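Participant: Return a 3D structure for these sequence lines:
(2 chains)
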Amino acid sequence: MISLRIARRYARALAEYTFPRQEHEAVRNELHALADVFRETPWLSDVFANPIIPRAQKERVLQTLIERANVGRTTAMFLHLLLKNYRLPHLEVIARAFAEEVDRRLGIINVEVCAARPLREAERRDLHRQLERLTGKIVRMREVVDERLLGGIQARLDSEVYDGSLDARLQTLRRQLLL
Amino acid sequence: MDVLLLNVASESGIGGPLGLVGSGLPRVVNFLIFVVVLYSLLRKPVSEFFRQRAQAIARELEEARRAREAAARELEQTRARVAQLDEEVAAIRARAEQEAEAEYERLWREAQAEAEKIRALAEREIAMARRAAELELKTFLVERAMVRARALLREQLTEEDHQRLVAQVIEELAEVPR
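Facilitator: Numbers count the residues shown, from 1 in each chain, chains lettered A, B, ... in the order given. Next up is the predicted model:
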């Protein structure tokens, strides 16, 4: 498995190239789609990782993939670069790192909100506003209904978690009782 | 010698014409000569013998006297030692008693210290076991209470409660500084 540090290095380089050309969204979407293809077709990574298969043959497979996926020139170039550097089998990690890099440069933060039941529109809007105020960034909120939760909500922002669930309160009460 | 003298007397005719002389005198003379000769021959060695014998006896007497004196001294010393023996025995006994008492004290102190250590250790272990048991019981009760609380909450929470909880979280987030 490729290290996250290397993936981020590729992601930063691609962002440096795509942002001035305003291609970052398109490239991100294309890479995301291709990463999905790689995930759903495991033998594809095996082909590109196999040192016995000649480079020319891998180039042909990649070209076919590029044509079928109908990706842009920048994405195609990037994929060829990854193939040349033997990093193509790690496309999923690199695509994810690039998406994070794009979000970072755009000031977007991904927040996963877990709730015991679907939020009402007003709740969603208020929560979104408070999260944006708190982070100072554009919040991309992903809502997950987790029926294991008793009530309240949990918001995960990268490495931070705001746990306002009833479960967390019960856990706090449990800790206090056990002291 | 005796035979020789008798022969000489017989051959010289002494005691022949004189009956008495002829029968006894030569013998007496012979005997006297014999005595004289014997005396002259033996006087020196015998006197030397007796002198040496006397000296030896005197020496032995002297040695016996010295030995007797030494024995007397030894006896005196032994008597004195025997006289001191009781004191020594008493002193040894007193010292042995003191040492035994000191040893007893030391052993008693050590035993008490050891007993104290064992008691302290036992108390610590009892305290730890008690704390562990209390914690176990407490944990059990708290866990049971949590399970019960979760079941009750899941059963009794209404939509309004959910809304209130979410609103509360949003309010709390609003109070968090940037």
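
Participant: quick one: contacts for A:Val111?
Facilitator: If you count contacts by CB atoms under 8 Å, 6 or more residues apart in numbering or on different chains, A:Val111 has them with A:131, A:135, A:139-142, A:155-157. (Each C-beta comes from the backbone N, C-alpha and C, glycine too.)

Participant: The longest helix seen in chain B close to chain A?
Facilitator: Longest helix in chain B, counting residues (DSSP state H): helix B:25-156. Yes. Judged by CB under 8 Å from any CB of the partner chain, helix B:25-156 and chain A are in contact via B:135, B:138-139, B:142-143, B:145-146, B:149-150, B:153-154.

Participant: filter those to the buried ones?
Facilitator: B:142, B:146, B:149 (16 or more other CB atoms under 10 Å in any protein chain shown).

Participant: Throw these into TSV and include pLDDT, thanks.
Facilitator: Formatted as TSV, these follow (pLDDT from 0 to 100):
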residue	pLDDT
B:Val142	93
B:Met146	93
B:Ala149	93
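
Participant: who does the residue of chain A found nearest chain B bridge with?
Facilitator: With CB to the nearest CB as the measure, A:Gly164 is the residue of chain A nearest to chain B, at 3.1 Å. A:Gly164 has the following beta-bridge partners by DSSP bridges: A:Ile153.

Participant: Could you measure from it over to B:Tyr39?
Facilitator: In this view, A:Gly164 and B:Tyr39 are 158 Å apart by CB to CB, to the nearest Å.

Participant: Give me the more crowded residue out of those two.
Facilitator: With neighbours defined as other CB atoms under 10 Å in any protein chain shown, A:Gly164 and B:Tyr39 compare such that A:Gly164 has more, 22 against 11.

Participant: Does the more buried one touch B:Glu171 like I think?
Facilitator: No. If you go by CB atoms under 8 Å, A:Gly164 and B:Glu171 don't touch, sitting 9.5 Å apart.

Participant: Pretty sure A:Val113 sits in a strand.
Facilitator: Yes. When DSSP: H, G, I helix; E, B strand; the rest coil is applied, A:Val113 is found to be in a strand.

Participant: show me the contacts for B:Val166.
Facilitator: B:Val166 sits in contact with A:115, A:119, A:123, A:127, A:152-153, A:164, where contact means CB under 8 Å, 6+ apart.

Participant: switch to 7 Å and redo it
Facilitator: A:119, A:123, A:152-153 (CB atoms under 7 Å, 6 or more residues apart in numbering or on different chains).

Participant: so is it in a helix, a strand, or just coil?
Facilitator: helix.

Participant: Pull the number of nearby residues for B:Val29.
Facilitator: Counted with other CB under 10 Å, B:Val29 comes out at 15.

Participant: and it, what pLDDT?
Facilitator: Turning to B:Val29, the model gives it a pLDDT of 84.

Participant: Please apply the same query to B:Ser23.
Facilitator: 63.

Participant: List the buried residues for stretch B:154-171?
Facilitator: Per 16+ other CB under 10 Å, stretch B:154-171 contains these buried residues: B:157, B:162-163, B:165-166, B:169-170.

Participant: From the chain's centroid, how far away is that stretch?
Facilitator: 94 Å (CA atoms, centre = their mean, to the nearest Å).

Participant: picking that back up, got a list of what the residue of chain A closest to chain B touches?
Facilitator: Counted by CB under 7 Å, 6+ apart, A:Gly164 has contacts A:152-154, B:169, B:172.

Participant: Ends of stretch A:137-151, what's the gap?
Facilitator: Using CA to CA, to the nearest Å, one end of stretch A:137-151 lies 27 Å from the other.

Participant: Which residue does chain B have closest to chain A?
Facilitator: Closest point on chain B to chain A, by CB to the nearest CB, is B:Val169, at 3.1 Å.

Participant: give me the element that residue is part of.
Facilitator: helix B:159-175 (DSSP states H and E).

Participant: just the angle between that helix and helix B:25-156, please?
Facilitator: 110 degrees (axes from the mean of the first three to the mean of the last three CA atoms, to 10 degrees).

Participant: now helix B:159-175, how far from the centre of its chain.
Facilitator: For helix B:159-175, the distance to the chain centre is 94 Å (CA atoms, centre = their mean).

Participant: Extract the CA atoms of that helix and return them as CSV.
Facilitator: Taking C-alpha atoms only, helix B:159-175 is exported to CSV below (Å, rounded to 0.1, in the frame of the first residue of the first chain):
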residue,chain,number,x,y,z
GLU,B,159,-40.2,12.9,18.6
GLU,B,160,-40.4,16.0,20.7
ASP,B,161,-37.6,14.7,22.9
HIS,B,162,-35.5,14.0,19.8
GLN,B,163,-36.1,17.5,18.5
ARG,B,164,-35.3,19.0,21.8
LEU,B,165,-32.0,17.0,22.0
VAL,B,166,-31.0,18.1,18.5
ALA,B,167,-31.9,21.7,19.3
GLN,B,168,-29.8,21.4,22.5
VAL,B,169,-26.8,20.2,20.5
ILE,B,170,-27.1,23.1,18.0
GLU,B,171,-27.3,25.5,20.9
GLU,B,172,-24.3,24.0,22.5
LEU,B,173,-22.4,24.3,19.2
ALA,B,174,-23.4,27.9,19.1
GLU,B,175,-21.8,28.5,22.4
